[in-house]
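In: Build me a model from this:
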Amino acid sequence: MSATAHTGTTKSADASRSAAVPARRAGRKRGERSRGASLALHTTLMVASTVAIFPALWIAFISFGPKNAWTDPGEILSHLSLQNYRNILHTNFPKWFLNSAIVAAATTVLGVMLSASAGYAISRMKFPGHKQLMWTFLTTQMFPMAVLIVPLYNLLGELGLLDSYLGLIVTYCTISVPFCAWMLKGYFDTIPHEIDEAGRIDGLTPFGTFWRLILPLARPGLAVTAFYSFLTAWGEVAYASQFMSTNENFTLAAGIRTLATDQRADWGSLTAAAVIIAIPAALVFFVVQRHLVSGLTAGAAKS
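Out: Down below sits the predicted model:
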């Protein structure tokens, strides 16, 4: 009698568990969002994306209208043209563009070389002042740019580098190299030391190990530093405006301000120039974007 009751109880318990399993499967899995939460999240992301991209799209829209399009945007669709772009190309803008390309490319190459070698040396070698050097790199990033304009101007004047490409390149490297060296040091720390030892066993010099073995493994970190160095030189305004005095030697940042004066601003040319200036930065971003996330996270984790 009791055995029969026990058997019946067991069967009923098994039936209850088997019925509960489909019920749980039919519900949400752990970590899944409800439809309402998913809708709210996607709506928030769409609004944030719209707010972020609207200024750039508005500038591009204004650039295709007449010179006074900013005062009456409603007439732009009926007067679409490339006249603003033709006007800007008949100024010194192409020369400014070339100057900026030279300065940005040289700053990127020199900045990556210096920061990579400095970061590798600090990551792998122990020498007097090892920790103090890293803190010096970090301290240099604490000074506002406006504070450094006067001392840098005096130094460049004594060296005869005012109103020259080399002066701007050196100045921009003082901005990019400390930050990039700090970040690359953290990235090099994630690369096993056994690779260096294997290189020495194979007869490579320390530089050969760095060049042939370490740098290929550090491409994500190098992509981040290259992108940062390029943007530093491409979009910087304060130093370029103060250190360059000849119209022919202006970079884009210094030259574009001549399109606006205290009495009048050529908004058509300004918006067209802004669109053209943004294109190289966007292209560089798309080239290195697949390395940016891994490069930033690895450097941040070990810095």
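
In: Tally up the residues packed near residue 254, please.
Out: By other CB atoms under 10 Å, 25 other residues sit near residue 254. Quick note: C-beta positions are derived from backbone N, CA and C, even for glycine.

In: thought it was touching residue 236?
Out: No: counting by CB atoms under 8 Å, residue 236 is not a contact partner of residue 254; they are 9.5 Å apart.

In: need the contact list for the closest residue to residue 134 other than its chain neighbours.
Out: Excluding its sequence neighbours, the residue lying closest to residue 134 (CB to CB, 6 or more residues apart in numbering) is residue 122, at 6.1 Å. For residue 122, the contacting residues are 130, 133, 134, 181, 185, by CB atoms under 8 Å, 6 or more residues apart in numbering.

In: where's residue 122 relative to residue 61, distance?
Out: Using CB to CB, to the nearest Å, one gets 48 Å for the distance from residue 122 to residue 61.

In: next one: residue 173
Out: On the measure of CB to CB, residue 173 and residue 61 end up 37 Å apart.

In: Of these two, give the one with the bigger neighbour count.
Out: Neighbours per residue (other CB under 10 Å) separate residue 173 from residue 61, with residue 173 holding more: 22 against 16.

In: Who are the packing partners of the strand or helix carrying the more buried one?
Out: Here residue 173 sits within helix 165-189, counting by DSSP states H and E. Judged by 3 or more CB pairs under 8 Å, 6 or more residues apart in numbering; DSSP states H and E, helix 165-189 is in contact with helix 93-124, helix 130-140, helix 145-159, helix 219-235, helix 238-243, helix 267-302.

In: what's the closest of those to residue 212?
Out: helix 93-124 (12.7 Å; CB to CB).

In: quick check: angle from that closest one to helix 165-189?
Out: Using axes from the mean of the first three to the mean of the last three CA atoms, to 10 degrees, the direction of helix 93-124 lies 40 degrees away from that of helix 165-189.

In: Tell me the gap between helix 93-124 and the middle of its chain.
Out: The chain centre lies 14 Å from the centre of helix 93-124; the measure is CA atoms, centre = their mean, to the nearest Å.
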